[in-house]
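J.: Structure for the following, please:
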Amino acid sequence: VLRHGTTRALVLGLEVVLADGTIVNGLRHLRKDNAGYDWKQLFIGAEGTLGIVTAAVLRLVPAPRHSVTALLSVADVETAIALYAKAQSEIGDALSAFELISGESIALVERHAGLKSPIAAGEWFLLIEAASSLTGLEAAMQVLLAAAFEEELALDGVIAASHQQAQSLWALREHVTEAEAREGRGLKHDISVPLTVMPAYLADARAAVAAVSRTARLNVFGHLGDGNLHYNVLLGPEDHPAAVNRAVHDAVVRHRGSISAEHGLGQYRVGEWQRTKPAAEQALAHTIKQAIDPAGLFNPGKVLAAPNKGGAA
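T.: As a prediction, this is how the structure comes out:
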């Protein structure tokens, strides 16, 4: 997503079947088409509630021939964001991943996945990857790390010297969810907020969770470059999931973010969508659903809450 955009940016055309059986063929191979409504965007992310996608035209990109991966530890998220800006300057369009992992997450991975971070611990870790068909990536990453140390932005860091070492660095990130499951009962969140308010959101959400639970622990990791974090909470035996959900999502709303950045709503998040989404946006969503699927045939109960005859709150 950081480099190539979301699915919405990569779908050029769709063929869909509507509720009345109409087949709408929009399988065009066009990068630019502003002739009227871009209706395919209604069906992307709708989770099957508006129609059935039967074919798609996707934009592909060449597989890169070179890549370089680095792991850094930093003191705080403000520093991580400063390093992201510096990475954009030094690495540019080749920057393909900029992952933020909390120290708590790394500790879980070390405890439950049998892995060990190769660098000294900090409050936060950054996993950075660049990929390109051109050479020179390793030199650019070395310049980035040198600047990070010279400006005292990074506490420690390492650049993978081989593909195997790069895989071992990625393993730290990829085992976080498994380690969380082994630790105990957890509550998952998939939030996004503007990058400029990410530090404020994290402080706000931490205080909000602490206000409803004295035993909950945070397991925060995700895609800092996209403004998308998995703000997961490890629950204590007396914790109420609904109260923790509200605390996390209310902080999202206060910072003008989204309660579902990439995973969708399904039926799990419908109640929170209805609770937090402005009334006008809810009404518009129901109007679209009613116009395209008036009998509610497709995937009922997902994405949209049942219509509120008294008006959305």
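J.: pretty sure Asp239 is touching Ser213, no?
T.: Yes - if you go by CB atoms under 8 Å, Asp239 and Ser213 touch, sitting 4.8 Å apart. For every residue, glycine as well, the C-beta is placed using N, CA and C.
J.: mind listing the strands for the stretch 201-313 of the chain?
T.: Ranges of strands within the stretch 201-313 of the chain are 217-223, 228-234, based on DSSP state E, counting those that start in this stretch.
J.: mind listing what the first one pairs with, with the direction of each?
T.: Within its sheet, strand 217-223 is paired with strand 95-102 (antiparallel), strand 228-234 (antiparallel), according to DSSP bridges.
J.: mind checking how far the spatially most central residue of the chain is from Leu134?
T.: Centroid-nearest residue in the chain, with CA atoms, centre = their mean: Asn228, separated by 3.6 Å. Counting by CB to CB, to the nearest Å, the separation of Asn228 from Leu134 is 28 Å.
J.: contacting residues for the residue nearest to the centre of the chain?
T.: Contact partners of Asn228, counting by CB atoms under 8 Å, 6 or more residues apart in numbering, are Val1, Asp190, Ile191, Ser192, Gly222, Ala261, Glu262.
J.: Of the residues you listed - the most surrounded one?
T.: Highest neighbour count within these, by other CB atoms under 10 Å: Gly222, with 25 neighbours.
J.: gap between it and Asn228?
T.: 5 Å.
J.: Over to Asp20. Which of the three states is it?
T.: Using DSSP: H, G, I helix; E, B strand; the rest coil, the structure places Asp20 in coil.
J.: wait, Ile91
T.: The three-state assignment at Ile91 reads helix, by three-state DSSP.
J.: Give the full set of residues in contact with it.
T.: Contacts of Ile91 (CB under 8 Å, 6+ apart): Ala130, Leu137, Ala140, Met141, Leu144.
J.: among the residues you listed, which two are most distant?
T.: Leu137 and Leu144 (10.5 Å; CB to CB).
J.: between these two, who's got more neighbours?
T.: Leu144 (26 against 20).
J.: Quick check: end-to-end length of stretch 173-189?
T.: End-to-end distance of stretch 173-189: 17 Å, with CA to CA, to the nearest Å as the criterion.
J.: what residues does that stretch touch?
T.: By CB under 8 Å, 6+ apart, the surrounding residues in contact with stretch 173-189 are 99, 101, 105, 108-109, 111-113, 115, 127, 219, 221, 230-235, 241, 244-245, 248-249, 259.
J.: what comes up buried for it?
T.: Of all the residues in stretch 173-189, those buried under the rule 16 or more other CB atoms under 10 Å are Arg173, His175, Val176, Thr177, Ala179, Glu180, Glu183, Gly186, Leu187, His189.
J.: now the helices: where do they sit in the stretch 1-150 of the chain?
T.: Here the stretch 1-150 of the chain has its helices, by DSSP state H, counting those that start in this stretch, at 7-10, 40-43, 77-91, 103-112, 137-150.
J.: And those: which comes nearest Pro278?
T.: helix 40-43 (19.1 Å).
J.: Output the closest one as PDB, restricted to C-alpha atoms.
T.: Extracted in PDB, the C-alpha atoms of helix 40-43 (Å, rounded to 0.1, in the frame of the first residue of the first chain):
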ATOM      1  CA  LYS A  40     -16.700   0.100  -9.400                       C
ATOM      2  CA  GLN A  41     -15.500   1.900  -6.200                       C
ATOM      3  CA  LEU A  42     -18.900   1.200  -4.700                       C
ATOM      4  CA  PHE A  43     -18.300  -2.500  -5.000                       C
END
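J.: Determine the number of other residues adjacent to Lys289.
T.: The number of residues packed near Lys289 is 19, by other CB under 10 Å.
J.: how much space between the residue lying closest to Ala121 once chain neighbours are set aside and Ala171?
T.: Of all residues not flanking Ala121 in the chain, Gly103 sits nearest, at 5.7 Å (CB to CB, 6 or more residues apart in numbering). Gly103 sits at a distance of 17 Å from Ala171 (criterion: CB to CB).
J.: try Ala247
T.: Distance, Ala247 to Ala171, using CB to CB: 31 Å.
J.: about what we covered before: where strands are concerned, which of the buried residues of stretch 173-189 count?
T.: Secondary structure from DSSP state E places Gly186, Leu187 of these in strands.
J.: Would you reformat the buried residues of stretch 173-189 as CSV and include pLDDT and distance to Glu281?
T.: CSV is the format used below for those (pLDDT from 0 to 100; distance: CB to CB, whole Å):
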residue, pLDDT, distance to Glu281
Arg173, 97, 33
His175, 98, 37
Val176, 98, 32
Thr177, 96, 30
Ala179, 97, 36
Glu180, 97, 32
Glu183, 96, 36
Gly186, 94, 29
Leu187, 96, 25
His189, 97, 20
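J.: Could you identify the most distant pair in the buried residues of stretch 173-189?
T.: So, the buried residues of stretch 173-189 by CB to CB: farthest apart are Arg173 and Leu187, at 20.2 Å.
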